[in-house]
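Engineer: Just the structure for this:
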Amino acid sequence: MASNAFLNVFSVKELRERIFFTLMMLVIFRLGVTLPIPGININALKLYFMSQQGSSSIGLTEYIDFFAGGAFKHFSIFMLGIMPYISAQIILQLLLVVIPSLKKLSEEEGGRKKIQRITRYATVGICLIQSYVVTVYAKSIPDAITMSMLPYTLLAMLTVTTGTVFLIWMGEQITQRGVGNGISLIIFAGIVARMPGATVELLRQVKEGNINTVHVIIVLAMFAFVVALVIYEQQGQRKIPVNYAKRVVGRKMYSAQSTYIPFKINPSGVIPVIFASSVLTFPLQIAGNLGPDVKWLASFSYWLRPQGIPYVIIYTLLIIFFAYFYTQVTLNPVEIAKQVRENGGSIPGIRTEKMEAHLSRILNRIVLPGSIFLAFIAIIPTIVQRLFHFPYQISMLMGGTSLLIMVGVDLDTMSQIEGHLRMHHHDGLVKKGKIRSRNL
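Structural biologist: Residues are numbered from 1 along each chain as shown. So this is what the prediction gives:
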């Protein structure tokens with residue numbers, strides 16, 4: 001009798017416990033999304049957002065709410081989501097490149113823990129800024145606040161900041177004791193939780209005649225094609241052959257062997273999209289929430305609205321930039337060439353001193369088309385919205401950032417599950433080949 005991959009997953013005790021732990025953490029996250037911060041009138045919020053449907057301000061709110069997993073419009077304790085932590089990581093990664101002393105600190109023993117500690121402190125600072133902006137935004141909503149302003153401001157800032165820090169802790173626990181990357185899975189869960197509501201809304205729009213059925217079929221077919229294309233792109237890689245000569249290490253002799261360095265078509269995975277979204281979300285949230293009180297911020301918020309041309313251009317450039325930046329951080333050609341030389345390896349047809357230049361040239365040729373592909377996928381919601389007049393919350397789920405995150409996180413999680421199965425002498429999740437994870 002052929003083995004069943006699904007039954008094998010739950011037959012391994014360690015893997016079963018990891019999966020249940022992950023699911024439990026995600027359930028806690030979704031429950032927290034429904035808990036409003038103290039002093040907020042939920043009914044007033046619902047009436048306000050219903051009355052603002054179609055305006056530019058509500059479009060910005062939908063954009064921020066998308067990355068918060070639906071928590072922003074509920075003024076939930078998790079309303080900032082995990083984005084402040086990602087913003088802090090971006091800042092620290094950039095500082096590591098431009099500040100040599102910080103780079104040296106990260107390379108020392110225990111340096112990674114120190115950098116993580118600094119990242120958490122920076123996250124708290126970003127959360128305090130964003131949570132204060134949120135209190136100003138709540139003040140502009142009629143009857144939204146049920147207590148005096150000063151106690152509400154302090155309580156809201158403390159609650160929202162604590163909620164984000166708790167999400168970071170949950171993500172780290174999932175990474176250590178569950179399956180998959182915890183931070184990415186929290187973002188993934190927030191996106192997937194919005195799919196049933198978006199499906200109901202799509203059916204309602206079709207029933208009322210606001211959306212053409214033919215357009216829905218075209219978009220769904222395009223969605224399926226793009227999913228297949230994203231999976232193919234995520235799995236693709238360029239193999240750089242490396243030959244190792246016979247060598248003696250201690251009392252052991254290692255025979256000559258040939259292997260390869262795998263360079264993925266898109267080495268950074270979906271990270272550039274998440275980074276670019278986080279960079280744009282921070283100023284957009286501040287500008288959008290303070291817009292009613294500051295005229296030039298209102299103008300800036302409208303100019304950089306998610307549906308506008310300036311936003312699409314800046315978003316595309318940021319994705320390409322972060323694709324190159326993150327690839328250089330994680331796949332440094334100088335370090336790779338150094339390790340190959342120290343182990344007695346060589347690349348056929350390439351002189352030893354030219355190895356760094358050769359690897360850099362290959363990486364640059366791979367990253368450029370990969371980053372352009374990422375940028376194209378990321379702007380699909382804008383194309384769908386403009387061509388077929390789909391509602392924003394539906395078009396965001398039909399492609400773009402949500403699609404890249406869902407496919408990438410799913411592949412990575414399945415790869416970890418398959419690794420646990422093979423470690424316990426079971427077959428993988430697929431009959432042929434194996435699932436390759438992406439770098440997170």
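
Engineer: Quick check: I314 touching L280?
Structural biologist: Yes - using C-beta atoms under 8 Å, I314 is in contact with L280, at 7.0 Å. From N, CA and C alone the C-beta is placed, and that goes for glycine too.

Engineer: Find residues that contact each of the two.
Structural biologist: Between them, I314 and L280 share these contacting residues under C-beta atoms under 8 Å, 6 or more residues apart in numbering: L304.

Engineer: Give me the local confidence score for the residue nearest to the spatial centre of the chain.
Structural biologist: Centroid check for the chain by C-alpha atoms, centre = their mean gives I274 as the closest residue, at 4.0 Å. Here, the pLDDT recorded for I274 equals 76.

Engineer: From N210, how far off is it?
Structural biologist: Between I274 and N210 the computed distance is 32 Å (C-beta to C-beta, to the nearest Å).

Engineer: Okay, strands next: where are they in the stretch 251-400 of the chain?
Structural biologist: For the stretch 251-400 of the chain, the strands defined by DSSP state E, counting those that start in this stretch occupy 252-254, 257-264, 345-346.

Engineer: Which one of those strands lies nearest to I37?
Structural biologist: strand 257-264 (41.3 Å; C-beta to C-beta).

Engineer: And that closest one, how far out from the chain middle?
Structural biologist: 28 Å (C-alpha atoms, centre = their mean, to the nearest Å).

Engineer: Any chance you could list what contacts it?
Structural biologist: Applying C-beta under 8 Å, 6+ apart, the set of residues contacting strand 257-264 from outside is 234, 236-244, 331, 336, 340, 359, 362-363, 366, 370, 436, 438-439.

Engineer: buried sites along that strand?
Structural biologist: Applying a neighbour-count criterion of 16 or more other C-beta atoms under 10 Å, one finds 261, 263-264 buried in strand 257-264.

Engineer: which of those residues lies closest to T162?
Structural biologist: When the buried residues of strand 257-264 are compared for distance to T162 (C-beta to C-beta), K264 wins out at 37.5 Å.

Engineer: who touches the closest residue to G178 other than its chain neighbours in this structure?
Structural biologist: Spatial nearest neighbour of G178, excluding adjacent residues (C-beta to C-beta, 6 or more residues apart in numbering): T22 at 3.5 Å. By C-beta under 8 Å, 6+ apart, the contact list for T22 reads 174, 178-180, 185.

Engineer: how about the CA coordinates for stretch 101-115, as CSV?
Structural biologist: C-alpha atoms of stretch 101-115 as CSV (Å, rounded to 0.1, in the frame of the first residue of the first chain):
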residue,chain,number,x,y,z
SER,A,101,31.5,49.9,13.6
LEU,A,102,28.0,48.4,13.5
LYS,A,103,29.1,45.9,10.8
LYS,A,104,32.0,44.9,13.0
LEU,A,105,29.7,44.5,16.0
SER,A,106,27.5,42.1,14.0
GLU,A,107,30.5,39.9,13.1
GLU,A,108,31.7,39.6,16.7
GLU,A,109,30.7,36.6,19.0
GLY,A,110,27.2,37.2,20.1
GLY,A,111,26.9,40.1,17.7
ARG,A,112,23.7,38.8,16.0
LYS,A,113,21.9,38.8,19.4
LYS,A,114,23.0,42.4,20.0
ILE,A,115,21.7,43.5,16.6
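
Engineer: Same question for it: list its buried residues.
Structural biologist: Of the residues in stretch 101-115, those buried (16+ other C-beta under 10 Å) are 102, 105, 115.

Engineer: And for stretch 356-374?
Structural biologist: Within stretch 356-374, the residues that qualify as buried are 356, 358-360, 363, 366-367, 370-371, 373-374, counting by 16+ other C-beta under 10 Å.

Engineer: likewise stretch 233-247?
Structural biologist: Across stretch 233-247, burial judged by 16+ other C-beta under 10 Å covers 233-235, 237, 240, 242, 244.

Engineer: related to what we said a few turns ago, tabulate the buried residues of stretch 356-374 (TSV), appending distance to Q205 and pLDDT.
Structural biologist: Formatted as TSV, those follow (distance: C-beta to C-beta, whole Å; pLDDT from 0 to 100):
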residue	distance to Q205	pLDDT
E356	55	84
H358	53	85
L359	50	85
S360	49	85
L363	44	84
I366	41	84
V367	39	83
G370	35	82
S371	34	84
F373	30	83
L374	29	82
